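Participant: from the sequence below, what's the structure:
(chains A and B)
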Number of protein chains: 2
Amino acid sequence: MKVTNYKEILPVTMNNEMVKNVAGRVLIGREDGASNFCMRLFEMGPDGFTPKHAHDWEHEIFVHAGNGEVWMNNRWHSLSKGSAVFVPPNVEHQFRNSSDKMFTFICLIPSKAPEL
Amino acid sequence: MKVTNYKEILPVTMNNEMVKNVAGRVLIGREDGASNFCMRLFEMGPDGFTPKHAHDWEHEIFVHAGNGEVWMNNRWHSLSKGSAVFVPPNVEHQFRNSSDKMFTFICLIPSKAPEL
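Facilitator: Residues are numbered from 1 along each chain as shown, chains lettered A, B, ... in the order given. Model prediction:
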């Protein structure tokens, strides 16, 4: 069992050409005994984005705070607090912040994928 | 692919001796092509609770809003916005609201479990 708060977990920050202004945390993963799927949380600052890419595992995403957009099917879709996104395997996708506030979302992946 | 907001999905309400003041929604499930794990969202009103029970699948939970508690390992653990809980398979657990506001959390389960 595990009871935590994401603010108690030290983030891994990513800020390069591929991933800008992003801090990621594994909330529940293999180390906790979660053998089927992994919960991560990402905070994305102003102008932040993730790479436009595709891979053979899915994402299940829930927006906790802020406003952003996801690229799928050749267009941007608006996201806000309470949005949920299913990115199936092998579908090209990208996330970006669309405001000057923090864009915070959780993103779950199956256990075969890299946790962070 | 799917892009939605939980407020766009009609809830299933539960209000009986076992589950009190709870509204549940499947945000991402088998119908969307999610074959490994399922994302549900639960809103729990004042005095609301889920059953104290155990089953052979795990929960991965993230608290979106409000304040509540989870029973695990023979005691109540406080939960607030940003809390994450891993309930391993076969561990007895129960959730309850601990304030007079809505307690809102997402709860993920593997695909072998009933979605709602």
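
Participant: send the alpha carbons of the strand ranked longest in chain A over as PDB?
Facilitator: If you go by DSSP state E, chain A has its longest strand at strand A:37-49. Taking Å, rounded to 0.1, in the frame of the first residue of the first chain, the C-alpha atoms of strand A:37-49 are listed here in PDB:
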ATOM      1  CA  PHE A  37       0.100   0.300 -14.900                       C
ATOM      2  CA  CYS A  38       2.000   3.300 -13.600                       C
ATOM      3  CA  MET A  39       0.700   6.700 -12.500                       C
ATOM      4  CA  ARG A  40       2.900   9.700 -13.200                       C
ATOM      5  CA  LEU A  41       2.200  13.400 -12.700                       C
ATOM      6  CA  PHE A  42       3.500  16.200 -14.900                       C
ATOM      7  CA  GLU A  43       3.700  19.900 -14.200                       C
ATOM      8  CA  MET A  44       4.200  22.000 -17.300                       C
ATOM      9  CA  GLY A  45       5.200  25.700 -16.900                       C
ATOM     10  CA  PRO A  46       4.400  28.500 -19.400                       C
ATOM     11  CA  ASP A  47       5.500  27.800 -22.900                       C
ATOM     12  CA  GLY A  48       6.100  24.100 -21.900                       C
ATOM     13  CA  PHE A  49       5.600  21.200 -24.200                       C
END
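
Participant: so how far is that strand from its chain's centroid?
Facilitator: 4 Å (CA atoms, centre = their mean, to the nearest Å).

Participant: hmm, it touching chain B?
Facilitator: Yes - Strand A:37-49 comes into contact with chain B (CB under 8 Å from any CB of the partner chain), by way of A:F37, A:M39, A:L41. C-beta coordinates here come from the backbone N, C-alpha and C atoms, glycine included.
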